[in-house]
Each structure stands twice: as structure tokens, then as C-alpha cells.
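Asks: model this:
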Amino acid sequence: MTAVTPQATSAIPNFCEGIQYFGEALPDFDKYGATAAIDSATGAIASSTDPTAVYQTLLAADALRYLTLQITGSKASGHPGGFASQAEAYAALVMLGYKNIITEVGHHAPGFYSAMFLDRSLEDMDIYTVQQLRDRFRERHGLLGHLSGFIPGILAPAGPLGQGQHFAMAAALLHKDKLFPFTLGDGGLGEPYIMSGMAHFHTAYPHATNFLPVLVWNGYSQEHHSMVSLKTNEEMIAYWQGNGFEEVVLVNAKDFDDQDQPGDYVDSTAFSFEKRLEFTKAVLEGVDRAARSALGGKLTVFIIKQLKGAGVHARGAKSHNLYPKDTLNAPHIIESLKERSLSVEAWQLVRTNCERAGGGSAGKTVVTEFELHLPELGELPLEEHSVGGEPKVSTTAMGNLVAKVGEVDKNFVVTNADGNAASGINNINQALKIIHPTTDDLYHQAPNGQVYEPLSEDACAGLAAGLSLMGARSLWCSYESFAINGLPIWQTVTQAMAELRRPTPSTITLYTAGALEQGRNGWTHQRPEIEAYFAAMMRNGNVFPLFPPDANSIQVCYDWALTTRNKGIVITASKSPLPIRTTFEMTRQGLKDGGIVLQEVAGGKQVVFAVIGDMTLIPVFEAAAFLETEGIGVKIVSVINPRRLYRPDDTAWNTCSEADGDFISDDKFAELFAGDALIGVTGGAAGMLEPIMLRSNCRRDVFAWKRGETTSSAGELMAFNGLTAEALTKRAIELVH
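Replies: A predicted model of the protein is given here:
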């Protein structure tokens, strides 16, 4: 292997600027490297058994390894080991023309960036050379440490484990003619959601098999051996078969080792060149077989078994990430780069194949580079109830609208962990049907339904948020107390939406059965602390928690949410019949201003109640009636859209895609909340009141959730938390005197 000399640089393609080491031509390059194996017309190799295709797949794998190590080494930071151990599999997918590749593993980011560089996707970011690739890695406005939808050609974000399969399955539903492989590490295989999520999806959608898990079985996780490292090949195959996979294709590097490497996991880059080609051929044929199987209607997994860190600077968990000592000047990094270095001609050949694969660069061809066509919904059948009339169930009112959306948009999916009927939205099940292989009219089940009901909030949130990210409409419904189990992926998607280069429908949620309605169920069903999660996320700039006070308001809130793009919309409402306090127009104003005045009574001093929620209004109105008898003025403001009540500089709204910079003015804020005293009231986390408390200058206090308990009524539970008319009245009087 030789370093480039100044005299030789004129023959080097421009994109290679920044490559530190070039090697001699590999054996038989003149025979198998004369012309690109991928036909520009078809975007794929002609045959997975073609020796030229096999040879050039090996070159692509080495190119990916080299770039992965060079760009991580340029910052002495990042994660090369995991991606390196499956480079042949990724290269095989590309050579076969598959570009819609997702990953479960955020640590595979430098490998994915290398692939996006090779096929010229990153030119949309003004990254044309390897030097620029190095410079922009792990830098702001560059190639962030873990994957994001901001990067051209990257279909989905990747960070927390247990998420990648949701994106692949959502994409598979929307694009039935395309394959969506996703790489999955054996360290992450320990996440319980992965297998259960795929199993439920396959039961619900048995024909949507066009997603392909690519298990990277390399024996190690981040800092130690993986928990499946002692499984035999037979046990691993049985594990996948036991979880419903009809076709399990496993290629084990150990079977090709001619260097007597110890252990069950070996490095194929240490083989003789002949054996390297044999291994690469097995991977290429195996990936081809697995892809055809998945596209042909069988639930399929491809497994590549190879030592973590194969072909880079270290092996095992030690290869997982680089430390400050692992610079491009370090001898072990230099030696590894030289080992993987390619000739100039090989680099050009790899670039040509990657450009042609799949019909062009991923940044111009993958499904997420285009807006998904959505049918026009038209006017939804909103039904306005009379203020002061018969109490209505908010969730049921919204359910009528959800049913209409599903009737018009057949890609629309509602997800719920088997609780729609208990949440007052059985009308959704009745109209759209629960997806189930057993047809049963009593339970509104049918194989072709649109209500997805796994007993896993992760699977609910995952499919719903994944569909939104991929461009479709969806709704995730959950009990407030259990939704926390699905929030990690919902948060991942909303953050990704803030960075997307295209508009996509907002990911919308409905949280019901709040703490105050769950008295007899006790504290296990009383977890409104989840609102603190959303309160914190409001500062992202694209997250909007909504608190409609009644059945009229919730309809307007959902109608508005459907018009938004690239946002996370959280609707929280009760399933109990509650008084009608607003008109449609009042909520439209409340969505714009953040809140709406429900009652105002003059008096000597004025107390303002800023109320979040619907049931919490009950003790507030009781307190207002008593304060009126004491000659104290009262204003009750229903806080519907607290995000509007922040000051613009409080959130990162201007950094968001499809930015929403509407915030209430100081004058309007004073008009709503100025008084002699201000009391914020919520049945959830006090943090949701932060926008109001930050801006108010009067004497103020907060009444909020403290903890759960078993009670016989919502009133008793509110009393346990100090949310009573008596307590509110007492504090109001103290504040104005």
C-alpha cells in the first residue's frame, strides 16, 4: 500500500481528494474491474453469481470500510466497528439495486454517510470530496453523529435502539413494490420491542413482507459481548423461525476462514483473497435470495455473522467507537487505512456502481425524497353542540371525525393498545375496524381494517409515527398513563420532522383516560407526569400539546392538527361526559392566542385562573362562584394551546422545518392573564404552565398534580392533590390581600 505522491494527484478523480492512502490494484482487477458491473439502464447487477459482480461487491465493501474509518478518524470520534462487520451485506444490497435502506443502529451513521457520499447524494449538501466528508462529519450543519432525515438519501433517523423496524414496516405498507431493508445489531436485539413489533405487524399485515431485517451478528454490543453471542447458528435460526420468519438466510464468515482465527466470530478481511471472494459471493447470493423472498411474500431475515470491527482499527467491542487517541496520525489507524486502501481505478469503479445502483443517488430516488400523495379530506363533519347544553364525551366527538378521515384516506391508520372502546372512541373501531385475522362483528374486527391494536405502546407509537414520517396520515391513541412506553420513538420522529427537507403530515396523538378519571384503578393508571415530557418538548418549537375543554373544542383542535405539517400534536381529553363551555369560534381563537376566556366577573380585585384540562375546570368554576360572593373579580381562562404563550425566543421554532413562529403578543397576554393575582391550575405536570408563569408579573401560584392514589371519584382524587374549590378560593383570597 502506498501513499499518494504529489506527481500522481493529477490522475486522481476530484471526489478522491482527502483520501490519504491508495493501494495497488487487487488481483485480477484487469479481468473483473474493466467495466462497471451495474448496468446504467437497470440500476442493478445482472446476476448475483456473476464473478464480476462478486468482485466489485468486495471492492464496494472495502471502500465503505475505508471511508468509515477515515471520516471517524478525522475527528477521533464516531463508531466504525458495527457497520464494518456488515459492509459486504450493505454493498450487496446496493449492487442488487436496493437503495431504500434504513438502520436500527444510530452507530452505523458513518457507514451510511460513506454510502451516501459514494452515490453522490451528499452533493446536495455541497459535499463533493472525501476531504469535505471528513470536515463535515460530526459538525453542526454537517453530518451529525447519528442519522437524521436532514441528510439526503437517509430515510429515517436512528439513535435509540428498538426503533428501526417501525420505519421499515411503515414504508413497506405505503410502498408495496419496494424493498426496505434495515440493519439491526445483535446488541440491540435485546430490546423487547423489535421482535414483538414485527410479529404483530406480520399478523396484521401478512402480505406486507417487503421489509427485510439484516441482522449484524458480530458477537458484541457497545462495550461487551452481546447477550446472543453464545447462541449457535441453529439456535439463532430457530429464534427467528419461532418468531414467525419463514425464510432465514444466514451467512457465517467462519465457514470461509482459512487463517485459523479463534472463536465463533471471525474477520473476513483477514482471509486470503480467494476466500474473501467466496465469502462475498455467499453474502451477495444470500442477500439476493432474501430480498426476492421478502418481495415474494415471505417474512424473511438475512443474517451476516462476522466479527465486530472486521477490517477497521480494532476488533470486538474495542472497535465500537474511537477515542481521542485514535487520530489519523495514530499508527494503528494508519495501518488499518493502508490495509483497506484501494487503487484509484477501483475508487472510480465503486463510484460508478454506486451512482448507477437503484436508478441514481439515494438522495434523488428513495421514497422519502418525495412527498406522498394524500387524498383531499374536504370538510370534516364537525357537529357543534350548544354551550350549556347536555354534557358530551369529547373523545367520542373526535372519534366521529377520525372515522371520516379513515373513510377518505385508505392509508390512514389509527393505533391503540387495545383500548379504543374503553376510551370512548369505539366509534372509530365501528367505522374503520380493528385489523385482525379473526373476523368478528361483535368486536369490530376484520383483516382489512385500519385500527392497529398491538398490546405495546412502542408498536402503536412506532407505526403511527413511522407512517407520518414517511408522508402518511396517522393517529396514535393511548391512555395517558401508559403512553410513556411509546414516547421515545414519537420524540425521535418529531425531532426528525423539525429537520426534514420536505413537508409531511404532523404526527398526531390522542391521550385519554387521564389520571382524574382513573380513581378506582389507583396510581398505576394515574401518570399525568407525561405532560412534563411534552412541556419540555414544546421548547423544540414544533411540538404543540392541546387541551380542549369540551366536545366542541376537541373537534376544532383535531381539524386544525390535520392541516399542520412536520409537527407533533398532542391532544389530551377526558372520556367522561362534560359540560359544553365553548363554541367552535372560541377554540379557533384559543388555538391562535393560546387560551380563551370562559368566564369573567368584575370585582374589587381580580383573580385570573389559567386552567389546563377539562375536568380541572369543575373546581375552578366552583371557586369562582364563591369568590364572586366575596366581591372578588374572577377570570377563567382555558389554556388550549400553551405553546402559543411562550415568547418567541423561548423555543427553537425558527430552526424547524415548516416553521411556526406565531406567539401571543405582550398586549394580548396581558389582556388574557393580567390581574391582581394569577393561579395556574392543571391536573397534570406544573411544567405545562411554564409559558404563563414566565410572562406574568402579578402575584401568582400553581396548583398541579402531586401523586396518585386509589379513590372513588375524580373529585376525591383532585382533593388528594389539593385541587379543590376550597383550596383555590383560600389561595386566591391570600394572593389579593
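Asks: Residue 18: what secondary structure?
Replies: Here residue 18 is coil, with the state taken from DSSP: H, G, I helix; E, B strand; the rest coil.
Asks: How many neighbouring residues does it have?
Replies: For residue 18, the neighbour count with other CB atoms under 10 Å is 16. Just so you know, the C-beta spots here come from the backbone N, C-alpha and C atoms, and that holds for glycine as well.
Asks: Give the closest residue to it in space, chain neighbours not counted.
Replies: In this structure, residue 18 finds its nearest non-sequential neighbour in residue 131, 2.9 Å apart by CB to CB, 6 or more residues apart in numbering.
Asks: quick one, phi/psi of the one you found?
Replies: Here the main-chain torsion angles of residue 131 (degrees, to the nearest 10) amount to phi -60, psi -40.
Asks: for residue 281, what are its contacts?
Replies: Neighbour list for residue 281: 49, 54 [criterion: CB atoms under 8 Å, 6 or more residues apart in numbering].
Asks: moving C-terminal of whatever helix or strand it lives in, what's the next helix or strand?
Replies: Following DSSP states H and E, one finds residue 281 within helix 273-295. Reading on from helix 273-295 to the C-terminus, the next helix or strand found by DSSP H and E is strand 300-305.
Asks: Give the other helices and strands that that following strand contacts.
Replies: Helices and strands touching strand 300-305, by 3 or more CB pairs under 8 Å, 6 or more residues apart in numbering; DSSP states H and E, are helix 87-95, strand 211-217, helix 233-242, strand 247-252, helix 273-295.
Asks: strand partners of it, parallel vs antiparallel please.
Replies: Strand 300-305 has its sheet partners listed here by DSSP bridges as strand 211-217 (parallel), strand 247-252 (parallel).
Asks: For the stretch 51-200 of the chain, which segments are assigned as strands?
Replies: With DSSP state E, counting those that start in this stretch applied, the stretch 51-200 of the chain shows strands at 102-103, 180-185, listed in chain order.
Asks: ranking those by burial, who's on top?
Replies: Among those, strand 102-103 has the highest mean neighbour count (mean count of other CB atoms under 10 Å), at a mean of 31.
Asks: which other residues reach that one?
Replies: Residues outside strand 102-103 that contact it (CB under 8 Å, 6+ apart): 112, 147, 155-156, 158, 164, 167-168, 171, 180-184.
Asks: want to throw the residues you listed into TSV with pLDDT and distance to residue 304?
Replies: Putting the contacts of strand 102-103 into TSV (pLDDT from 0 to 100; distance: CB to CB, whole Å) gives the following:
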residue	pLDDT	distance to residue 304
112	96	16
147	90	20
155	95	21
156	94	21
158	91	18
164	92	16
167	96	21
168	97	17
171	98	22
180	98	18
181	98	12
182	97	13
183	96	9
184	94	11
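Asks: nearest to residue 378, of those?
Replies: residue 171 (27.3 Å; CB to CB).
Asks: And the strands in the stretch 401-550 of the chain?
Replies: Using DSSP E, counting those that start in this stretch, strands in the stretch 401-550 of the chain cover 413-416, 434-435, 445-446, 451-452, 474-479, 507-512, 543-546.
Asks: right, and the strands of the stretch 51-200 of the chain - which one's nearest residue 617?
Replies: It is, among the strands of the stretch 51-200 of the chain and with distance given as CB to CB, strand 102-103, at 44.6 Å.
Asks: my guess is residue 300 meets residue 214, correct?
Replies: No. Using CB atoms under 8 Å, residue 300 makes no contact with residue 214, being 10.2 Å away.
Asks: Which secondary structure elements does the longest helix along the chain sit against?
Replies: If you go by DSSP state H, the chain has its longest helix at helix 51-75. Secondary-structure packing of helix 51-75 (3+ CB pairs under 8 Å, 6+ apart): helix 29-32, helix 81-84, helix 87-95, helix 109-118, helix 130-136, helix 273-295, helix 331-340, helix 344-356.
Asks: Make TSV out of those and add distance to residue 264.
Replies: Formatted as TSV, those follow (distance: least, CB to CB, whole Å):
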stretch	distance to residue 264
helix 29-32	31
helix 81-84	17
helix 87-95	18
helix 109-118	23
helix 130-136	35
helix 273-295	15
helix 331-340	23
helix 344-356	31
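Asks: nearest to residue 49, of these?
Replies: Counting by CB to CB, residue 49 lies closest to helix 273-295 out of the helices and strands packed on helix 51-75; the figure is 6.5 Å.
Asks: And the closest one, what's buried?
Replies: Neighbour-count burial for helix 273-295, counted by 16 or more other CB atoms under 10 Å, picks out 275-288, 290-291, 293-295.
Asks: Any idea how many residues pack against residue 436?
Replies: 18.
Asks: ok, for it, nearest residue in space, not its chain neighbours?
Replies: Of all residues beyond its chain neighbours, the one nearest residue 436 is residue 445 (3.9 Å), with distances taken as CB to CB, 6+ apart.
Asks: Show me what that neighbour bridges to in the sheet.
Replies: The partner residues for residue 445, given DSSP bridges, come to residue 434, residue 440.
Asks: pLDDT value on it, please?
Replies: Looking at residue 445, its pLDDT is 95.
Asks: ditto for residue 422
Replies: At residue 422, pLDDT is 86.
Asks: Report the distance from stretch 141-149 to the chain centre.
Replies: Taking CA atoms, centre = their mean, to the nearest Å, one finds stretch 141-149 lying 14 Å from the centre of the chain it belongs to.
Asks: Neighbours of the residue nearest to residue 628 when sequence neighbours are not counted, how many?
Replies: Of all residues not flanking residue 628 in the chain, residue 601 sits nearest, at 5.2 Å (CB to CB, 6+ apart). The tally of other residues near residue 601 (other CB under 10 Å) stands at 15.
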